[in-house]
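Undergrad: Got a predicted structure plus its sequence, pasted below:
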Amino acid sequence: MLHIIIPEKKILTIILKVFICIFLLFIVVKDFNETNQYYLNTSAIEYIFFIIAWISSILLFIILIIGEKTFFKKILIIVFLTSYLLVDICYSTLNTTLTAETISLFWNERSYFDEALFTYWNILIFPFARFLILIIITFSAIDKFIKLRINNKILIILIIIPFTTIFILSSKPNGKGIDGLPPHFAPIPFTSHLAIVHIQYKKIKRKEVDIPINHHFDIKNIVLIIDESIRGDFIDLNYNRKTTPYLIMIKNKIINYGLAISSYNRSNGSNAILRMGISLQDLISKEGHKILFSNPFIWQYAKNAGFKTIYIDSQKLQFQNYMDENEIKYIDLIIRPNFNSQEDTDHQAANILKKLLQQPEKKFIILVKAGCHFPYESRYPKSERIFSPVMTFGLPTNDRLKLINSYRNAIRWSVNNFFQILISNISLKDTVIFYTSDHGQNLFDEGTNDINLRHGTNKNSKVQEVIVPMMILTENKNFIQLSRKSLFINFNKTTHFNIFPTILYLMGYNKTAISSKYNATLFDTNDTPLGFFNGNLRFGIRKFNKIDYDLTKYIDKEIDILIKGN
């Protein structure tokens, strides 16, 4: 079974090549010691699994490197090195481990692949360079000097051992994904576990609406606009940076709750919470993910209250942010702008929404905007380059002024011009439009200098990643009257968790029952702690990050100094 012939002069070369391979595998394992301590302090059995996972997976890799490379073994090598590359890319692009959330993020962002590759190609250089080195070393002619033959049955056993141990470790709800686990092997059992979790979630049944309707508002249209990557302190009504002058012109139609906090610092989490609804305390609990994915959709409440349900997505052609066939069946009409048109998709969406608002039936509409997702320079035409200097499309920058100016231009085009199209020459007497964003952006705030990552961080997340606008556009007298007192009390103190219950109340549902199941409406004193979540929404622990009630302290005045000095 094992026969070795090694010329003496080749021993050093072989050892060096094996060392380089193992070194490269370890170089992308972040927080190895932290993970080691975690398992050591948690459970002796889990710690033994942790050690076995590393020893067995490394032993397997060494055997594949130096042994004879049959077709089966070559396939294994390619699979393992691809797994390594996936982990390396994950760390390089998101500065975090491979988790259910990062996999979901990559999947949800797949429509941005071309733009991301064009803009952030620089961060992929080192992962692919390391991958290429591993390929060259692994497939070099070591097996000419070592005649090592392993029976396929033994090889399969050597695969099963690390697979089983890593599967057990990565399935624990600690929110760590595969932090500190072998990067060449861990994605395989981890992904298989996530497949099982996904199947389990498919089996979770949505509850029926059980909150009674006990009142009626003279409101025909309720609209929720969820923008993309818009910071609340870049809306001129909150803090004037000359990005949305039209909103100032129509401020008599706007009930502005000022700066608010998104529920998540990533699109998929915040969008899901806005559509599915959950109380903050429920989401913090261990069963929070199950509660969220079993609560009635907002569409169910709307249909039960007699509203036609409409979903407009000007961001992507495919369903995203945990939307699936189970949710789609509650939506009467799904509309997507023409993505092949030269006209901006958000501007198309504004015209579509405007026409819908003029139709007679009662409607509940969610519009997901394309907004200001990276790269900012692709989010507006060159003719609208009002602020300069700006970034160079396709090249990241560490020049904060260029980053900010590109972002300002994008907001002026995507937000200001959007509302100019939507609101001009239309009555809002029977319409209430909620406007917020899925999350904010980190524009080199608080000393950060990561030229690639603007939001969605799991570690050292900045509050600027979740500062969003909270505005309501309406001319409905009853709604304006309801808002007067709460506007003063809740200004700069609201969160995404207040939107879902407010919409339900406008649909006619009992406020006491709503507040008991969810959170306070915007009309009530917001007693919800200010903070946001990151981590895994459907798997593991969601970390709640509390923040100061004074959101104005997170407005970076250095931005104004840069702008004025320009």
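TA: Nice, thanks for sending it over. This structure is a prediction, so every number in the text was calculated from the model and none was measured.
Undergrad: For Phe339, give me its contacts.
TA: With contacts defined as CB atoms under 8 Å, 6 or more residues apart in numbering, Phe339 is in contact with Leu317, Thr345. Placement of C-beta: from N, CA and C, glycine included.
Undergrad: In three-state terms, label it for me.
TA: Classification of Phe339 using DSSP: H, G, I helix; E, B strand; the rest coil returns coil.
Undergrad: Let me see the ranges of the helices in the stretch 351-500 of the chain.
TA: 400-411, 417-423, 477-490, 499-507 (DSSP state H, counting those that start in this stretch).
Undergrad: for the last one, the distance to its chain's centre please.
TA: Going by CA atoms, centre = their mean, to the nearest Å, the spacing between the C-alpha centre of helix 499-507 and its chain's C-alpha centre is 24 Å.
Undergrad: so which of the helices of the stretch 351-500 of the chain comes closest to Asp524?
TA: The minimum distance between Asp524 and the helices of the stretch 351-500 of the chain falls on helix 477-490, with 6.6 Å, by CB to CB.
Undergrad: Show me what the closest one packs onto, helices and strands only.
TA: When contacts are defined as 3 or more CB pairs under 8 Å, 6 or more residues apart in numbering; DSSP states H and E, helix 477-490 packs onto strand 254-261, strand 467-474.
Undergrad: Could you dump the ones you listed into a markdown table with distance to Ile211, mean neighbour count and mean pLDDT added?
TA: Output for the helices and strands packed on helix 477-490, formatted as a markdown table (distance: least, CB to CB, whole Å; neighbours: other CB atoms under 10 Å; pLDDT from 0 to 100):
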| stretch | distance to Ile211 | mean neighbour count | mean pLDDT |
| --- | --- | --- | --- |
| strand 254-261 | 24 | 23 | 97 |
| strand 467-474 | 22 | 25 | 98 |
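Undergrad: I'd like those laid out as JSON lines, including distance to Ile157.
TA: What follows is the helices and strands packed on helix 477-490, written out as JSON lines (distance: least, CB to CB, whole Å):
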{"stretch": "strand 254-261", "distance to Ile157": "51"}
{"stretch": "strand 467-474", "distance to Ile157": "53"}
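Undergrad: Can you check which of those strands gets nearest to Leu551?
TA: strand 254-261 (4.2 Å).
Undergrad: could you check the angle helix 499-507 makes with the closest one?
TA: Relative orientation of strand 254-261 versus helix 499-507 (axes from the mean of the first three to the mean of the last three CA atoms, to 10 degrees): 150 degrees.
Undergrad: distance of Ile45 from Leu169?
TA: 10 Å (CB to CB, to the nearest Å).
Undergrad: tally of neighbours for Ser43?
TA: 13 (other CB atoms under 10 Å).
Undergrad: wait, His373
TA: 24.
Undergrad: Check Pro212 too.
TA: When neighbours are counted by other CB under 10 Å, Pro212 comes out with 9.
Undergrad: Now do the same contact list for it.
TA: Pro212 sits in contact with Tyr509, Asn510, Ala513, where contact means CB under 8 Å, 6+ apart.
Undergrad: Flag the shaky bits of this protein, pLDDT-wise.
TA: 1-10, 104-105, 108-112, 115, 118-120, 141-149, 172-176, 450-453, 540-541 (pLDDT under 70).
Undergrad: residue nearest the centroid of it?
TA: Arg266 (3.0 Å; CA atoms, centre = their mean).
Undergrad: State the distance from that residue to Ser229.
TA: 11 Å.
Undergrad: which residues are common contacts for the two?
TA: By CB under 8 Å, 6+ apart, the residues touching both Arg266 and Ser229 are Asp438, His439, His455.
Undergrad: Spatially nearest residue to the last one (excluding sequence neighbours)?
TA: Distances taken as CB to CB, 6 or more residues apart in numbering place Glu465 nearest to His455, at 4.5 Å, with adjacent residues excluded.
Undergrad: wait, what's in contact with that neighbour?
TA: Counted by CB under 8 Å, 6+ apart, Glu465 has contacts Asn265, His439, Gly440, Gln441, Asn442, Arg454, His455, Gly456, Thr457, Phe532.
Undergrad: tell me which element Tyr301 falls in.
TA: helix 298-304 (DSSP states H and E).
Undergrad: Other residues contacting the following helix or strand past that helix?
TA: Going down the chain from helix 298-304, the next helix or strand is strand 308-313, by DSSP H and E. For strand 308-313, the external contacting residues (CB under 8 Å, 6+ apart) are 299, 302-303, 320, 330-337, 349, 352-353, 356, 361-368.
Undergrad: which among those residues end up buried?
TA: The neighbour-count criterion (16 or more other CB atoms under 10 Å) marks 299, 302-303, 320, 330-331, 335-337, 349, 352-353, 356, 362-368 among the contacts of strand 308-313 as buried.
Undergrad: Now the two most distant members of the contacts of Glu465.
TA: Arg454 and Phe532 (15.5 Å).
Undergrad: These two: who's more crowded?
TA: Phe532 (27 against 24).
Undergrad: Can you tell me the element the more buried one falls in?
TA: Using DSSP H and E, Phe532 falls in strand 531-535.
Undergrad: partners of the helix or strand immediately after that strand in the chain in the sheet?
TA: Counting by DSSP H and E, the next helix or strand C-terminal to strand 531-535 is strand 542-546. If you go by DSSP bridges, strand 542-546 pairs up with strand 531-535 (antiparallel).
Undergrad: centre of the chain versus the partner strand, how much separation?
TA: 11 Å.
Undergrad: List the contacts of it.
TA: The contact list for strand 531-535, computed with CB under 8 Å, 6+ apart, reads 99, 101, 175, 261-266, 269, 283, 456-458, 461, 463, 465-466, 541-547.
Undergrad: Now, of the residues you listed, which are buried?
TA: 99, 101, 175, 261-266, 269, 283, 456-458, 461, 463, 465-466, 542-545, 547.
Undergrad: how about the helices in the stretch 201-350 of the chain?
TA: 245-249, 267-276, 280-284, 288-292, 298-304, 325-328, 345-357.
Undergrad: now, of those helices, which is deepest in the fold?
TA: helix 267-276 (a mean of 25; mean count of other CB atoms under 10 Å).
Undergrad: report the angle between the axes of that helix and strand 542-546?
TA: Going by the same axes, to 10 degrees, helix 267-276 makes 90 degrees with strand 542-546.
Undergrad: In terms of secondary structure, what does helix 267-276 contact?
TA: helix 100-108, strand 221-227, helix 288-292, helix 298-304, helix 499-507.
Undergrad: Which neighbouring elements make contact with the fourth one?
TA: The one in question is helix 298-304. Against helix 298-304 (3+ CB pairs under 8 Å, 6+ apart) you get helix 267-276, strand 308-313, strand 363-368, helix 499-507.
Undergrad: who's in contact with the nearest residue to Phe374 once chain neighbours are set aside?
TA: With sequence-adjacent residues excluded and distances taken as CB to CB, 6+ apart, Phe374 is closest to Arg454, at 5.9 Å. Arg454 makes contact with Ser229, Phe374, Gln441, Asn442, Leu443, Glu465, according to CB under 8 Å, 6+ apart.
Undergrad: and those residues, which are buried?
TA: Ser229, Phe374, Gln441, Asn442, Leu443, Glu465.
Undergrad: which two from those end up farthest apart in space?
TA: Checking those with CB to CB, the most distant pair is Phe374 and Glu465, at 13.1 Å.
Undergrad: gap between stretch 420-439 and the chain center?
TA: For stretch 420-439, the distance to the chain centre is 25 Å (CA atoms, centre = their mean).
Undergrad: Let's see the distance spanning it from one end to the other.
TA: Using CA to CA, to the nearest Å, one end of stretch 420-439 lies 23 Å from the other.
Undergrad: What of stretch 542-550?
TA: 24 Å.
Undergrad: that older thread, the helices of the stretch 351-500 of the chain into CSV, with extra columns for mean neighbour count?
TA: Formatted as CSV, these follow (neighbours: other CB atoms under 10 Å):
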stretch, mean neighbour count
helix 400-411, 24
helix 417-423, 21
helix 477-490, 15
helix 499-507, 25
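Undergrad: Just tell me which of these ends up closest to Leu86.
TA: helix 400-411 (28.6 Å).
Undergrad: who touches the closest residue to Asn338 other than its chain neighbours in this structure?
TA: Excluding its sequence neighbours, the residue lying closest to Asn338 (CB to CB, 6+ apart) is Gln348, at 6.5 Å. Contact partners of Gln348, counting by CB under 8 Å, 6+ apart, are Ser314, Pro337, Asn338, Ser341.
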